[in-house]
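> Sequence and computational prediction follow.
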Amino acid sequence: MKAKWSDKIQIDTTHFVCTSPAVTPTGAHASEGNVVGGPGVEYQRALQLSIPVVQPQWLLACLSEKK
């Protein structure tokens, strides 16, 4: 799998990977319940640009299926 990570949506972004659409404080994790407010800017941008939003488990499933 040839994947590239970025914390910003760019012209070549094909998928947006996130565990939660909510904003988390710097250094916090959504799984710990440290969510603040509504959806983050990058999440909203992915939706506006019709970029598929997926969870990390989806990436792992693709890797195991060699897709």
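Yep, it's here.
> Could you use CA atoms for every contact and neighbour count after this?
OK.
> show me where this protein has helices.
For the chain, the helices defined by DSSP state H occupy 41-48, 56-64.
> out of those, nearest to residue 1?
Smallest distance to residue 1 across the helices of the chain (Cα to Cα): 6.6 Å, for helix 56-64.
> what's the most buried one of the helices of the chain?
helix 41-48 (a mean of 15; mean count of other Cα atoms under 10 Å).
> now for that one, which elements pack on it?
strand 53-54 (3 or more Cα pairs under 8 Å, 6 or more residues apart in numbering; DSSP states H and E).
> dump the residue contacts of the spatially closest residue to residue 46 that is not a sequence neighbour.
Nearest residue to residue 46, sequence neighbours excluded (Cα to Cα, 6 or more residues apart in numbering): residue 16, at 6.6 Å. Under the criterion of Cα atoms under 8 Å, 6 or more residues apart in numbering, the neighbours of residue 16 are 9, 43, 46, 51-54.
> try it again with 10 Å
When the contact criterion is Cα atoms under 10 Å, 6 or more residues apart in numbering, the partners of residue 16 are 5-9, 42-43, 45-47, 51-56.
> Save the helices of the chain as TSV, and put in mean pLDDT and distance to residue 20 too.
Putting the helices of the chain into TSV (pLDDT from 0 to 100; distance: least, Cα to Cα, whole Å) gives the following:
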stretch	mean pLDDT	distance to residue 20
helix 41-48	93	9
helix 56-64	92	10
